[in-house]
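**Student:** return atomic coordinates for the entry below.
(one chain, ligands or ions: 1)
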Amino acid sequence: MTLEAPPMVDYRALGRAVAREDAAPAAVEVDRDARFPHEAFARLRAEGLLSAMIPVEFGGGGASLTDMAAVTEELGMACASAGMVFAMHQIQINSLVRHGRSAALDELKREICRDQLLLASATTEVGIGGDVRSSSCHVQLEGDRFRVTKQAPVISYAEHSELIFLTARRNSDSPPNDQVLTVIRTAEIELERVGEWNTLGFRGTCSPGFIVRGHGPADLILDDPYSDISGRSMLPSAHILWGHLWFGMASQAVSQARGFVRAAARSKPGTVPPGAQRLAELMVVHQQMSELVKGAAARYEATYDDIDAQTSISFAVGMNSLKVSASTLLIDIVGKAMVIIGIMGYREDSKYSLGRTLRDAWGAPLMVNNDRILGNNAQLLLVSKD
Ligand SMILES: Cc1cc2nc3c(=O)[nH]c(=O)nc-3n(C[C@H](O)[C@H](O)[C@H](O)COP(=O)(O)OP(=O)(O)OC[C@H]3O[C@@H](n4cnc5c(N)ncnc54)[C@H](O)[C@@H]3O)c2cc1C
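**Tutor:** As a prediction, the model looks like this:
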């Protein structure tokens, strides 16, 4: 079979169009009502962006993680919740593409491309918290099918998704870190909602807890062990895509601070407003964040097929450090922008308001807590010979 080359798509431009035309106009309402960003996702589906990273042979766009990072960044400037949902979906796609090889998983890739299915994830677990490399629940194999019950404290957009990627122990005898990643169809499982999602930020991700009672064909369990999927794909792609989302949010805050300082300069021609010096300082940190997230994406692409490089301790420490740095820089940048803008940034009813960005920003160090990530790095550094 000869495959046609994928058409050249300018993913950043496409992401910018969706962000400006569909995500931004709904962002205030999405945040206020803690509702799903339907408008952005209707457009993302219509543009085929939910399957953009699936190889062309299955009907996808053959895009790279860097392409999807650019779309995520653009969405982040308009609506952090829409950007986060897009990022989380692409994290699962990346794992499926790299670690799902069975005929059933290949068929699933085709289905995702055809029907633009949305993928959610249940990796954290009640009693285990953000230690995603441990599971308490397990997969129960029954002939060629499996069963699983998981108490998930948070599953973003579960009720708006078609598929959930769920971690569990391989079987009832497996230790907590012998995990598999399996796909379950939301329509075929019981999702018992536990509580509401009423948070400071990322309100449109619609992420309450659930007891998941799922089942499905055993060949929807991904081929590689989760330890491999996590280290080579899920963790680095999460930190790269989240980093770009947070950079988009930071860029929005910088743009508002810049607009404020320029307006102040225009109102008193011939003078340099006091915020100008602080704006220059802010741009230094903004550039630092840009280099950080784009450098990490480039490193990931450069080692894409190099299993030794991507399973090395230095790679894991670097990708963990990216998450800690990017989330810390985001809060620093939004805080600095707030000081520049002053009361007009603090007000909720001003065009320079930073309220939503500030609330969303505080989700970054908590979603897989930075302390937990630093704890993981501390252990890795103890055994590292690098
Ligand atoms: C917007 C958003 C969306 C999310 N979406 C999903 C999703 O779709 N699917 C999903 O599975 N999860 C999701 N999560 C959950 C998230 O990934 C959390 O990590 C998880 O819920 C655990 O939260 P926790 O605060 O109890 O963290 P824990 O990791 O249990 O940490 C609790 C406290 O213990 C401390 N602590 C824990 N371990 C250590 C350690 N080793 N060293 C030092 N201190 C430590 C931390 O500092 C923290 O104070 C989402 C979270 C957010 C914010």
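**Student:** make it CA atoms for all contacts and neighbour counts henceforth
**Tutor:** OK.
**Student:** got a pLDDT number for the closest residue to residue 189 other than its chain neighbours?
**Tutor:** Among residues not flanking residue 189 along the chain, residue 214 sits closest, at 4.7 Å (Cα to Cα, 6 or more residues apart in numbering). What the model reports for residue 214 is a pLDDT of 93.
**Student:** likewise the one 5 residues further on?
**Tutor:** Per-residue confidence at residue 219 stands at 94 (pLDDT).
**Student:** three-state assignment of it?
**Tutor:** Following DSSP: H, G, I helix; E, B strand; the rest coil, we place residue 219 in the helix state.
**Student:** how about the contacts made by it?
**Tutor:** By Cα atoms under 8 Å, 6 or more residues apart in numbering, the contact list for residue 219 reads 102, 104, 105, 144, 145.
**Student:** please, which helix or strand holds residue 42?
**Tutor:** helix 38-46 (DSSP states H and E).
**Student:** buried ones in that helix, by neighbour count?
**Tutor:** If you call a residue buried by 16 or more other Cα atoms under 10 Å, then helix 38-46 has these buried ones: 38, 39, 40, 41, 43, 44, 45.
**Student:** starting at the chain centroid, how far to the helix or strand just after it?
**Tutor:** Sequence-wise, the next helix or strand downstream of helix 38-46 (DSSP H and E) is helix 65-78. Helix 65-78 sits 10 Å away from the centroid of its parent chain (Cα atoms, centre = their mean, to the nearest Å).
**Student:** now look at the following helix or strand past helix 65-78 and say if it contacts the ligand.
**Tutor:** Sequence order places helix 80-99 as the next helix or strand after helix 65-78, per DSSP H and E. No - applying Cα under 6 Å from any ligand atom, one finds helix 80-99 separated from the ligand by no less than 7.2 Å.
**Student:** now do stretch 345-363
**Tutor:** Yes - Stretch 345-363 is in contact with the ligand by Cα under 6 Å from any ligand atom, via residue 363.
**Student:** cool, stretch 23-41 as well?
**Tutor:** No - if you take Cα under 6 Å from any ligand atom as the test, stretch 23-41 misses the ligand, and the best it gets is 11.6 Å.
**Student:** wait, is residue 254 part of a helix?
**Tutor:** Yes - the assignment for residue 254 is a helix, going by three-state DSSP.
**Student:** with adjacent residues omitted, what lies nearest to it?
**Tutor:** residue 337 (6.2 Å).
**Student:** check which helix or strand covers that neighbour.
**Tutor:** helix 313-341.
**Student:** pLDDT on that helix, on average?
**Tutor:** The model assigns helix 313-341 a mean pLDDT of 97.
**Student:** so which elements touch that helix?
**Tutor:** When contacts are defined as 3 or more Cα pairs under 8 Å, 6 or more residues apart in numbering; DSSP states H and E, helix 313-341 packs onto helix 235-267, helix 275-302, helix 355-361, helix 370-383.
**Student:** take the buried residues of helix 38-46 and lay them out in JSON lines including pLDDT.
**Tutor:** Below are those laid out as JSON lines (pLDDT from 0 to 100):
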{"residue": "38", "pLDDT": "98"}
{"residue": "39", "pLDDT": "98"}
{"residue": "40", "pLDDT": "98"}
{"residue": "41", "pLDDT": "98"}
{"residue": "43", "pLDDT": "98"}
{"residue": "44", "pLDDT": "98"}
{"residue": "45", "pLDDT": "98"}
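**Student:** just give me the closest of these to residue 203.
**Tutor:** Set against residue 203, the nearest of the buried residues of helix 38-46 by Cα to Cα is residue 38 (13.4 Å).
**Student:** any idea how far the ligand is from that closest one?
**Tutor:** 17 Å (Cα to the nearest ligand atom, to the nearest Å).
**Student:** then residue 207?
**Tutor:** Distance from residue 207 to the ligand, by Cα to the nearest ligand atom: 6 Å.
**Student:** show me what contacts that residue?
**Tutor:** Contacts of residue 207 (Cα under 8 Å, 6+ apart): 154, 155, 156, 157, 158, 196, 197.
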